[in-house]
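Student: need a 3D model of the following:
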Amino acid sequence: MSELSKRITGIKPSATMAVTAKANALKAAGEPVIGFGAGEPDFPTPPHIVEAALAAVKDPKNYKYTPAAGLPALRQAVADKTFRDSGLKVGADQVMITNGGKHAIYATLATLLNPGDEVILPAPYWVSYPDQIKLAGGTPVIVSAPDTNGFKVTIAQLDEALTENTKALMFVSPSNPTGAVYTEDETRAIGEWCVANGVWLLADEIYEHLIYGDAKFTSAPGIVPGLSERFVIMNGVAKTYAMTGWRLGWLVGPVDFVKAATGLQTQLCSNVSNISQMAALEAISGPQEVLDVMLASYDERRKAMVSMLNAMQGVTCLEPMGAFYTFPSFTGVLGTEIGGVLVESTDQLAGLFLDHAQVAAVPGEAFDAPGHMRFSYALAMDDLVEGLTRLQDLLGKGTTG
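Tutor: Next up is the predicted model:
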């Protein structure tokens, strides 16, 4: 329809959500599909968080409008949590509560960008970043971070991408989709590069607690003081506390930036659900031991998945050190045949996996990384092993199998 907004009709639907929806539809129809697509914890929300929400439901004060930037107690709790986990001391007036992490990212971009502003975006990237940048009037500048460099960008690459229109850098560690984690030295160098070039650093820290082995989470604003007037941290409770459906996130930034973002919020949604805010308050301020249980389970699945993927003919998989995804290369499968069909792309391969093995994964094309696929290990171990066994049977065992 010509009457519709070109900005909206130009949006590409989320590939990860599309794969998950297709897998769920097939399951509902009775098909034994195993889905590796969703970036969603398979654990229930911890009981003490649910109890806090139930108590909030019974409290009439939560039935009314509350401040657009968020409940004062939650804003202060996020400020305290930011210091605890990121090493950055901020005030409650530097926090705005949002309807999930995705809302925090869009609110950040909409508040910051003017038409023509460029945002440097390392690829592979989470599927929503480019469209959100464009919706906010900006231009994504894609910088390839190949597996040969551990899916990380270098300062030399940032220098090459820098122009007079560069406004911000999207920095994600741990990474979705690759699981890459930048070292403290690498993170500091990137933060200092932003300071030297007057570039805003937009830090998506949603996977901060999902770290394995010897890897360490480092928050750039927490170790580079010069970023104090040009940073935004975007975060939320979804991944850490198994609360994707609660839709509760936040952004942290300079006071003037947060005031401007709050102005947008007043016109967009007034305030975030008070029930979810009270649940989040308990999540980040209450007992944290439950995180260790979930992390240990993810780690076990991570190791099993890497081993099984590397045992497949034509597949290589770097060990992810964060988040709950692997991002294996299937370039060795391209040019072969499956079911009499010549495999020419990982986008096509994802369809063949669904047709011949009833396994759903997200092709790398969605992340600007053709030749790869994203597999989430946020699913039960039995399902994980069964799904990967099906793919091993389909592709055959490699020399490491």
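Student: all strands for the stretch 151-300 of the chain, in order.
Tutor: Using DSSP state E, counting those that start in this stretch, the strands of the stretch 151-300 of the chain run over 166-172, 200-204, 231-236, 249-252.
Student: so which residues make contact with stretch 101-118?
Tutor: 96, 98, 119, 128-129, 132-133, 135-141, 163, 165-168, 200, 202, 204, 206, 232, 234-236, 238, 247, 249-251, 253, 257, 260-261, 264-265, 268 (C-beta atoms under 8 Å, 6 or more residues apart in numbering). All C-beta spots, glycine's among them, are computed from the backbone N, C-alpha and C.
Student: follow-up on the earlier one: closest one to Pro370 among the strands of the stretch 151-300 of the chain?
Tutor: For the strands of the stretch 151-300 of the chain, the distance to Pro370 is smallest for strand 166-172, at 19.7 Å, taking C-beta to C-beta.
Student: pLDDT on the closest one, on average?
Tutor: In this model, strand 166-172 has an average pLDDT of 98.
Student: quick one: low-confidence ranges for the stretch 1-150 of the chain?
Tutor: Residues of the stretch 1-150 of the chain that meet the criterion pLDDT under 70 lie in 1-2, 15-17.
Student: what about stretch 328-340, distance to the chain center?
Tutor: Counting by C-alpha atoms, centre = their mean, to the nearest Å, stretch 328-340 is centred 27 Å from the centre of its parent chain.
Student: can you list contacts of it?
Tutor: Counting by C-beta under 8 Å, 6+ apart, 147, 309-310, 313-318, 342-346, 349, 352, 355-356, 371-373, 375, 394-395 sit against stretch 328-340.
Student: buried subset of the residues you listed as a PyMOL selection?
Tutor: Command for PyMOL, covering only those of the contacts of stretch 328-340 found buried under the criterion 16 or more other C-beta atoms under 10 Å:
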select buried, resi 147+309+310+313+314+315+316+317+318+343+346+349+352+371+372+373+375+394+395
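Student: taking the contacts of stretch 328-340 one by one, which sit in helices?
Tutor: Taking DSSP state H, the ones among those that sit in helices are 309-310, 346, 349, 352, 355-356, 394-395.
Student: okay, the spatially most central residue of the chain: pLDDT?
Tutor: Most central in the chain under C-alpha atoms, centre = their mean is Asn176, positioned 4.7 Å from the mean C-alpha point. Reported pLDDT at Asn176 in the predicted model: 97.
Student: how about the nearest residue to it once chain neighbours are set aside, what does it touch?
Tutor: Among residues not flanking Asn176 along the chain, Trp126 sits closest, at 4.8 Å (C-beta to C-beta, 6 or more residues apart in numbering). If a contact means C-beta under 8 Å, 6+ apart, then Trp126 has 172, 176-177, 204, 367 as its contacts.
Student: and the contacts of stretch 101-118, which of them are buried?
Tutor: Among the contacts of stretch 101-118, the ones that count as buried by 16+ other C-beta under 10 Å are 96, 98, 119, 128-129, 132-133, 135-136, 138-141, 166-168, 200, 202, 204, 206, 232, 234-236, 238, 247, 249-251, 253, 257, 260-261, 265.
Student: which non-adjacent residue is nearest Glu160?
Tutor: Nearest-residue entry for Glu160: Val143, 7.9 Å, with adjacent residues in sequence omitted and distances by C-beta to C-beta, 6+ apart.
Student: from Leu201, how far off is that neighbour?
Tutor: 15 Å (C-beta to C-beta, to the nearest Å).
Student: looking at the two, which is more packed in?
Tutor: Leu201 (22 against 18; other C-beta atoms under 10 Å).
Student: can you tell me which residues contact that one?
Tutor: If you count contacts by C-beta under 8 Å, 6+ apart, Leu201 has them with 168-169, 171, 190-191, 194, 220-221, 227, 230-232.
Student: same question, Leu281
Tutor: Taking C-beta under 8 Å, 6+ apart, we find Leu281 in contact with 52, 71, 73-74, 77.
Student: now which of those would you call buried?
Tutor: 52, 71, 74, 77.
Student: just the ones in strands from those residues, please.
Tutor: With strands defined by DSSP state E, no entry of the buried ones among the contacts of Leu281 lies inside them.
Student: out of those residues, which sit inside helices?
Tutor: 52, 74, 77.
Student: what's next to stretch 27-42, contact-wise?
Tutor: Outside stretch 27-42, the residues that touch it by C-beta under 8 Å, 6+ apart are 16, 19-20, 23-24, 26, 176, 239, 242, 244, 294, 323-325, 354, 358-362, 374-380, 383-384, 386-387, 390.
Student: in that stretch, what's buried?
Tutor: 33-42.
Student: now stretch 387-401
Tutor: In stretch 387-401, counting by 16+ other C-beta under 10 Å, buried: 387-388, 390-392, 394-395, 398.
Student: how about those in a markdown table, adding secondary structure?
Tutor: Output for the buried residues of stretch 387-401, formatted as a markdown table (DSSP: H, G, I helix; E, B strand; the rest coil):
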| residue | secondary structure |
| --- | --- |
| Gly387 | helix |
| Leu388 | helix |
| Arg390 | helix |
| Leu391 | helix |
| Gln392 | helix |
| Leu394 | helix |
| Leu395 | helix |
| Gly398 | coil |
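Student: need these in JSON lines (columns: distance to Ile11 and pLDDT).
Tutor: Formatted as JSON lines, those follow (distance: C-beta to C-beta, whole Å; pLDDT from 0 to 100):
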{"residue": "Gly387", "distance to Ile11": "30", "pLDDT": "97"}
{"residue": "Leu388", "distance to Ile11": "33", "pLDDT": "98"}
{"residue": "Arg390", "distance to Ile11": "33", "pLDDT": "97"}
{"residue": "Leu391", "distance to Ile11": "31", "pLDDT": "97"}
{"residue": "Gln392", "distance to Ile11": "37", "pLDDT": "97"}
{"residue": "Leu394", "distance to Ile11": "34", "pLDDT": "96"}
{"residue": "Leu395", "distance to Ile11": "34", "pLDDT": "96"}
{"residue": "Gly398", "distance to Ile11": "39", "pLDDT": "62"}
